[in-house]
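The sequence isn't on hand, but the structure is:
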Ligand code: ADP
Ligand code: MG
């Protein structure tokens with residue numbers, strides 16, 4: 001745990017986004033300390049990706065504030081551009097660059113000396129078990145291998161926060177738990193604060209330190225996974241968690 005006087009890595013206050021007059025994200029507030037994995041969990045269409053896009057800076061809220069390390073990065077009049085937020089992204093459809101090798105993909109966002117870059121790339125590729133594929137191109141990799149490279153690429157510049165939107169949903173069911181466990185181990189090792197969006201309770205239970213249960217734009221319950229599982233806020237939440245295998 002970080003010291004109590006440290007500001008959270010990421011904090012959002014009263015975030016609100018309307019489309020066509022309808023509040024899709026409706027007064028959401030939460031904070032993520034350094035090194036914590038928080039899962040935004042809820043059914044399709046409840047506003048998870050919209051929340052992530054505002055934090056990434058590719059969509060703009062109608063009201064509310066976003067802070068990183070206690071510093072304001074976005075409100076309705078002030079806005080740090082996405083590329084200066086030091087926020088990493090890993091989206092299901094955020095593909096690797098097809099014309100770059102695995103090692104070049106991971107090195108893409110890195111600055112510094114070429115020796116430092118090569119060391120960071122080599123270390124990350126070892127840790128995602130992709131070192132022997134360093135000179136391969138994305139088309140030659142399986143979906144799981146591509147996701148491993150995408151994780152290495154997202155973490156390479158040591159982002160302060162990593163936003164992950166359904167990162168495992170394109171993968172074969174049999175692979176998913178292994179990749180989830182490996183991903184979590186690497187995230188904990190790096191100490192990255194993570195906001196992971198998922199519609200799968202099983203995934204949130206397996207990966208989250210804290211779950212934010214979202215429904216129709218609002219957070220209806222929050223807490224440690226076992227709290228939500230053992231004491232769901234209402235019958236709908238209970239039914240949602242009862243599918244866990
Ligand atoms: P989730 O990621 O939880 O599945 P989204 O955040 O993608 O949900 O979408 C929440 C709601 O907002 C959905 O009803 C969606 O149709 C609507 N929505 C998302 N983006 C837009 C947009 N650019 N214009 C209009 N409606 C949108
Ligand atoms: Mg979504």
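Right, received. Where do you want to start? Predicted model only: the values in this text are computed from it and were never measured. Ligands and ions are numbered 1, 2, ... in the order given.

chain center to stretch 44-51: distance?
Stretch 44-51 has its C-alpha centroid displaced from the chain centroid by 13 Å (CA atoms, centre = their mean, to the nearest Å).

how long is that stretch end to end?
One end of stretch 44-51 sits 13 Å from the other (CA to CA, to the nearest Å).

Okay, buried residues for it please.
46-51 (16 or more other CB atoms under 10 Å). For glycine as for every other residue, the C-beta is placed from the backbone atoms N, C-alpha and C.

and if you look at stretch 182-194?
Buried-residue list, stretch 182-194, by 16+ other CB under 10 Å: 182-184, 186-187, 192-194.

Likewise for stretch 161-178?
By neighbour count on 16+ other CB under 10 Å, the buried set for stretch 161-178 is 161-168, 171, 176.

again, but for stretch 203-210
203-208, 210.

Among these, which lie within strands?
residue 210 (DSSP state E).

Any chance of TSV for the buried residues of stretch 203-210, columns distance to ligand 1 and pLDDT?
TSV is the format used below for the buried residues of stretch 203-210 (distance: CB to the nearest ligand atom, whole Å; pLDDT from 0 to 100):
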residue	distance to ligand 1	pLDDT
203	14	95
204	13	96
205	18	95
206	19	95
207	17	97
208	16	98
210	18	98
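
Helix or strand: which one has residue 98?
Using DSSP states H and E, residue 98 maps to neither a helix nor a strand.

what about the residue nearest to it when sequence neighbours are not counted, distance to residue 70?
Counting by CB to CB, 6 or more residues apart in numbering, the nearest residue to residue 98 once its immediate chain neighbours are dropped is residue 138, at 5.4 Å. Note on residue 138: its distance to residue 70, by CB to CB, to the nearest Å, is 38 Å.

what residue of this structure is the furthest out?
Centroid-distance maximum for the chain: residue 115 at 28.8 Å, with CA atoms, centre = their mean.

how far does the helix or strand that residue falls within sit from the chain's center?
Assessed by DSSP H and E, residue 115 sits inside helix 114-127. Distance, stretch centre to chain centre, for helix 114-127: 22 Å (CA atoms, centre = their mean).
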